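Enquirer: next one to model:
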Amino acid sequence: MPTPMISPDPPAAPGPVFSGLIATLLLLFGWCGVLFAANPAQDVLSGLQAAHPTARISLNPSADGSRVNDIIKVDTSTAMLTPDQVWERMHDVDITGGYYEGFTQEFHWLAFTLDNNSESDIWLLEITNPHLNGVKMWIRPAETVHWQLTDSTGRNADFYSRRVSHYNYAMRLDLPLESSTDVVLMLDKRGSSISYPIRVWSISAFNRAQQKNYILYGVYFGVFAIILLVIASTYIFSQRIVFLWYFLYAASVAVFVFNDIGLAHQYLYPGSDSIGSLMRVGMTYLMVLSFNLFTISYFQTKTLFRKSHWILSGVCAGVMLHAGLYLIISSWFRTNITPLLFVLYAMVIISILTALVVAFLYVKRDRYPAYFFIAAFGFIFLASFVFLLGEFGVVDQFGYLFTPIQLGYAAEIIFLSGGLAWQVRSVEKSKIALNERIARLETENLRAFIDGTEEERNRVAMDLHDSIGNRLAQLKRSMEKERMNPLQQQHEISGIIAAVRQLSHRLTPPGVEFFSLEEQIQQLVEAARKDSKVTYEFQAVDVPDELPKDIRLQLSRIVQEGIQNIEKHSNATRAEIQLIGHPDELVLTLEDDGVGVQGEIPSGKGIGMENIRRRAVFMDALVAFTSQPGQGMQLMVTVPLKKQ
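Expert: Down below sits the predicted model:
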């Protein structure tokens with residue numbers, strides 16, 4: 001079983017990566033500010049001396065934690081070698097200082113001598129790349145001629161095969177004081193790019209560095225956890241698809257980085273890293289796919305940017321095809337890995353560039369979400385560019401605690417979260433403005449209702465006072481003075497009853513409960529014809545037999561209000577009312593040949609008109625008033641019919 005840490009008296013092992021979740025978000029920026037200072041890019045070569053055939057590295061305080069690649073000789077071979085063969089070949093090797101290379105199909109061999117001039121007999125050799133397929137280390141103390149295989153591990157091996165429990169390959173060196181030990185390393189990363197920054201550590205310095213690293217990783221993934229929790233909650237409450245795609249993208253980024261650092265092999269599947277290889281590939285596909293879907297939703301490309309929408313949709317289809325081929329013919333994929341990676345990386349670059357173009361175009365519509373997006377993918381574009389350079393051996397990716405792609409993803413997620421937060425803020429402001437407008441409209445409708453009610457009450461009161469009341473008073477006086485004979489009295493009483501009935505019909509249309517809408521309107525038209533100079537015509541076509549009571553009531557009220565407006569304001573001689581049924585709507589029209597007005601009747605022009613509009617809204621109907629001077633007025637009400 002591997003030891004958690006290496007020291008003469010074992011110190012407390014560093015807590016798991018999740019112990020850093022309790023750190024605040026501010027710590028992230030504080031640590032990132034000192035990240036590169038704590039992990040310098042340059043090699044600290046004090047105490048390191050080169051000699052033939054291999055380098056001699058003096059282990060002393062000045063070499064503690066330094067990177068030693070610059071003086072170590074490197075050789076490659078297509079076949080497995082023995083340590084003696086490697087040591088002998090180093091006589092003819094002049095290559096030193098290289099520790100990263102593009103795609104390779106060869107084993108890499110390193111050989112050097114360690115001179116322990118320190119006060120500790122235990123040192124560590126750390127290779128800061130957790131993705132090497134195979135790592136072997138042989139040592140040969142100065143007093144012997146035989147090589148000892150002390151470490152044999154790699155990404156495809158059981159994590160517990162490591163003598164030191166660490167996400168990178170940290171190998172223990174038991175070195176007697178004032179002694180020299182020869183070391184041979186075999187590194188296998190065939191079929192991919194290779195990078196192998198090597199540092200030598202004393203026990204205390206290694207433990208301090210790893211404690212800091214675990215805290216940093218904890219803060220890093222703690223930020224991801226908080227962001228994912230917020231995104232998930234927002235999606236649950238808002239049900240906006242953009243948050244689902246963003247959650248999948250951020251989650252796939254977090255899992256990818258967790259696996260990329262090597263922590264997944266240590267904590268999730270220590271038995272074998274073959275799962276990690278599949279996870280790395282799978283998360284890459286999911287990241288590209290969810291990123292494109294997120295971009296489509298974030299910028300509404302289907303509506304606003306059709307050409308970009310087709311490009312992003314095409315990339316989604318290409319990624320799914322690429323993933324399907326990988327699952328079906330994975331062995332062929334591994335044989336042709338280089339061109340296929342070119343295809344995948346090309347799709348990634350196309351996605352990012354298209355997204356940035358859309359973002360710049362979107363600035364005209366809503367600049368702040370676009371700015372957040374541009375900043376986010378400016379970071380990830382630079383990080384991806386550095387990543388691709390590393391894949392082809394141009395730059396080093398593993399010289400620091402966080403690789404460029406890991407830092408780029410962190411910056412990207414933070415900025416994208418800011419962009420989504422701004423969008424949510426904008427949506428909430430729009431909702432507040434809409435609610436305020438609805439409240440104003442409700443207030444206006446209530447005021448119109450109250451005004452209409454008061455007008456109707458005043459009208460009824462005037463009718464009762466001026467017509468019915470006066471006629472009753474006159475009848476009373478005539479009866480007291482016996483001015484009318486019984487026949488005249490009966491006739492007057494019948495007239496008063498008719499007036500009361502007419503007033504009652506105006507308050508409540510006749511037969512709402514029992515008559516069809518067509519019959520109700522016909523009764524209103526016949527009542528209007530009796531005491532009007534206007535010639536009314538009514539026509540009904542294909543009116544449904546069964547209409548909801550509320551539609552019958554509101555339409556009859558609208559006809560009643562329309563007739564009253566014609567009588568009071570139009571000076572018309574002829575009016576026509578039509579009720580026409582269609583499969584999914586019912587259309588009511590009222591037209592007269594009166595004086596008319598200029599243009600469309602504005603909202604709020606007259607209480608009667610406003611009452612008609614309010615009743616149309618009650619039925620979810622559309623209402624339109626049109627008129628021209630001298631050409632009368634036209635009213636059209638279109639009522640949608642709900643299918644049973």
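
Enquirer: show me the shaky parts of the stretch 151-300 of the chain.
Expert: 272-274, 276-277 (pLDDT under 70).

Enquirer: which strands and helices sit next to the helix or strand containing residue 217?
Expert: Using DSSP states H and E, residue 217 maps to helix 203-238. If you count contacts as 3 or more CB pairs under 8 Å, 6 or more residues apart in numbering; DSSP states H and E, helix 203-238 packs onto helix 25-38, strand 122-127, helix 241-261, helix 404-462. In this view, the C-beta of every residue, glycine as well, is placed from N, C-alpha and C.

Enquirer: let's go with 7 Å and repeat that
Expert: helix 25-38, helix 241-261, helix 404-462 (3 or more CB pairs under 7 Å, 6 or more residues apart in numbering; DSSP states H and E).

Enquirer: just want the angle from that helix to helix 404-462.
Expert: Interaxial angle, helix 203-238 versus helix 404-462 (axes from the mean of the first three to the mean of the last three CA atoms, to 10 degrees): 20 degrees.

Enquirer: figure out how far helix 203-238 is from the centre of its chain.
Expert: 21 Å (CA atoms, centre = their mean, to the nearest Å).

Enquirer: buried residues, that helix. List them.
Expert: Neighbour counts over helix 203-238 (16 or more other CB atoms under 10 Å) mark 203, 205-207, 209-224, 227-228, 230-231, 234-235 as buried.

Enquirer: pull the number of nearby residues for residue 583.
Expert: 8 (other CB atoms under 10 Å).

Enquirer: can I take it that residue 190 is in a strand?
Expert: No - the assignment for residue 190 (DSSP: H, G, I helix; E, B strand; the rest coil) gives coil, which keeps it out of a strand.

Enquirer: that one contacts residue 105, doesn't it?
Expert: Yes - proximity of residue 190 to residue 105 meets the contact threshold set by CB atoms under 7 Å, at 5.1 Å.

Enquirer: the more surrounded of the two?
Expert: The neighbour comparison of residue 190 against residue 105 (other CB under 10 Å) goes to residue 190, with 14 against 10.

Enquirer: for the more buried one, what are its contacts?
Expert: 104-106, 133 (CB atoms under 7 Å, 6 or more residues apart in numbering).

Enquirer: mark which of the residues you listed are part of strands, please.
Expert: Counting by DSSP state E, these place residue 104 in strands.

Enquirer: flag whichever of the contacts of residue 190 scores worst on pLDDT.
Expert: When those are compared by pLDDT, residue 104 scores lowest at 80.

Enquirer: hey, what's that residue bridged with?
Expert: residue 192 (DSSP bridges).

Enquirer: ok, now which ones touch it?
Expert: Counted by CB under 7 Å, 6+ apart, residue 104 has contacts 189-190, 194.

Enquirer: and these as TSV, adding distance to residue 625?
Expert: Converted to TSV, the contacts of residue 104 look like this (distance: CB to CB, whole Å):
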residue	distance to residue 625
189	79
190	81
194	79
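
Enquirer: next, work out how far apart the closest residue to residue 366 other than its chain neighbours and residue 369 are.
Expert: Nearest residue to residue 366 in three dimensions, chain neighbours excluded: residue 426, at 7.0 Å (CB to CB, 6 or more residues apart in numbering). Between residue 426 and residue 369 the computed distance is 8 Å (CB to CB, to the nearest Å).

Enquirer: pick out whichever of those two has more residues nearby.
Expert: Each of residue 426 and residue 369 has its neighbours counted (other CB under 10 Å); residue 369 has more, 23 against 13.

Enquirer: got the contact list for the more buried one?
Expert: Counting by CB under 7 Å, 6+ apart, residue 369 has contacts 419, 422-423.

Enquirer: now rank those residues by neighbours and give me the top one.
Expert: Sorting these by how many neighbours each has (other CB under 10 Å) puts residue 419 first, at 22 neighbours.

Enquirer: who touches it in this structure?
Expert: Contacts of residue 419 (CB under 7 Å, 6+ apart): 369, 372-373, 376.

Enquirer: nearest to residue 89 among these?
Expert: Nearest to residue 89 out of the contacts of residue 419 is residue 376 (CB to CB; 48.5 Å).

Enquirer: SS state for the closest one?
Expert: Taken by three-state DSSP, the conformation at residue 376 corresponds to helix.

Enquirer: before we move on, back to that, check the gap between the residue nearest to residue 366 and residue 420 for me.
Expert: Distance of residue 426 to residue 420, given as CB to CB: 11 Å.

Enquirer: just the pLDDT for the nearest residue to residue 197 once chain neighbours are set aside.
Expert: Distances taken as CB to CB, 6+ apart put residue 128 closest to residue 197, at 4.7 Å, once the chain neighbours are dropped. Residue 128 is assigned 85 on the pLDDT scale.

Enquirer: can you tell me the SS state at residue 543?
Expert: Going by three-state DSSP: residue 543 is coil.

Enquirer: so it sits against residue 579, correct?
Expert: Yes - when contacts are counted by CB under 7 Å, residue 543 is listed as touching residue 579 (5.5 Å).

Enquirer: and the two? Which one has more around it.
Expert: residue 579 (21 against 15).

Enquirer: in a strand, residue 577, correct?
Expert: Yes - per three-state DSSP, residue 577 lies within a strand segment.

Enquirer: show me what contacts it?
Expert: 521, 525, 536, 538, 559, 590 are the contacts of residue 577 under CB under 7 Å, 6+ apart.

Enquirer: let's see that with 10 Å instead.
Expert: 521-522, 524-525, 528, 536-540, 559, 562-563, 566, 588-592, 635 (CB atoms under 10 Å, 6 or more residues apart in numbering).

Enquirer: for ChimeraX, what selects the buried ones among those?
Expert: Command for ChimeraX that selects the buried part of the contacts of residue 577, burial taken from 16+ other CB under 10 Å:
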select :521,522,524,525,528,536,538,540,559,562,563,566,588,589,590,591,592,635
